[in-house]
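A.B. asks: Got a predicted model here, sequence first, then my questions.
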Amino acid sequence: MEEKYHAADLLVNNAGVTRPVPHDDLDGLDDDLIDQIFCINWRGAFAAIRTFKDLGTDGDSSTVVNISSVAAVTGLDSNVACCASKAVLDSVTRSLARALAPKIWVVSVSPDWVEGEHAKLPTYPAIA
């Protein structure tokens, strides 16, 4: 990749996957779904960063933006594994921000639920 592109200024890790499973349905959150969520939601981002780190610009710095979720903090999302995968992504972001600075800035953005074409907004109990 480096031979073709030479340098990169920005990487946005925006891939993510989930499937609604009630948080109290531990049997419904099967191992295959957990593996898929973790593989895409944080391991994919990590793999992209690992490739990107060698493409940092010769200028001031390059930037990685990981798209996380408020679910990493609130624990409210489509299922427990999705919340956990975003918490892991936030932790990886903090660790790599220290490890790759100052050549590469690593930050995360944590939006709330985003309604997609096939998604319905969830209803959550009030948080006291």
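C.D. replies: Nice, I can see it. Numbering: from 1, shown residues only.

A.B. asks: And the nearest residue to residue 41 once chain neighbours are set aside, how far from residue 8?
C.D. replies: Nearest residue to residue 41, sequence neighbours excluded (C-beta to C-beta, 6 or more residues apart in numbering): residue 85, at 3.8 Å. In this view, the C-beta of every residue, glycine as well, is placed from N, C-alpha and C. Per C-beta to C-beta, to the nearest Å, residue 85 is found 25 Å from residue 8.

A.B. asks: more crowded one of the two?
C.D. replies: For residue 85 versus residue 8, neighbours defined as other C-beta atoms under 10 Å are more numerous around residue 85 (29 against 19).

A.B. asks: Show the contacting residues for the more buried one.
C.D. replies: Neighbour list for residue 85: 37-38, 41-42 [criterion: C-beta atoms under 8 Å, 6 or more residues apart in numbering].

A.B. asks: thinking again about what came up before, please confirm that the residue nearest to residue 41 is located within a helix.
C.D. replies: Yes - assessed with DSSP: H, G, I helix; E, B strand; the rest coil, residue 85 lies in a helix.

A.B. asks: any idea of the pLDDT on it?
C.D. replies: For residue 85, the pLDDT comes out at 97.
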